[in-house]
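Undergrad: From the sequence below, what's the structure:
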Amino acid sequence: MNVATETKVLTAHVPLSLAEKVEAMAVRLERSRGWVMKQALEAWVDQEEERHRMTLEALEDVDAGRVIDHQAIQAWADSLGTDEPLPPPVK
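TA: All right, here's what the predicted structure looks like:
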């Protein structure tokens, strides 16, 4: 049984160079421009949703006091190029 998916047309003005890249990719992949755009948009939305989730998680860590002192991070980073790098700081 084929389940129909509702769709909505979205329109966006993009730079000509980007449109040409999408067209070339569609030809190379033997897919429609719409398919390429849908794949790209899905990947971007997924990335942004994950970034938002991680931001909320990080803010929860800050609120709970699970942070590392800036000076400890700076000392560790400065030591990375030396003969005796410090171990990574822990919470």
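
Undergrad: which regions of this structure sit below the pLDDT cut-off?
TA: Scanning the chain for pLDDT under 70 picks out 1-2.

Undergrad: check which helix or strand covers residue 53.
TA: helix 33-63 (DSSP states H and E).

Undergrad: Next secondary structure element downstream of that helix?
TA: Once the chain leaves helix 33-63, the next helix or strand it forms, by DSSP H and E, is helix 70-79.

Undergrad: How far off centre is that next one?
TA: Once both centres are worked out by Cα atoms, centre = their mean, to the nearest Å, helix 70-79 turns out to sit 26 Å from its chain's centre.

Undergrad: Need the contact partners of it.
TA: 85, 86, 87, 88, 89 (Cβ atoms under 8 Å, 6 or more residues apart in numbering). (Each C-beta comes from the backbone N, C-alpha and C, glycine too.)

Undergrad: okay if I get the residues you listed as CSV plus neighbour count?
TA: Shown next, in CSV, are these (neighbours: other Cβ atoms under 10 Å):
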residue, neighbour count
85, 12
86, 13
87, 7
88, 11
89, 14
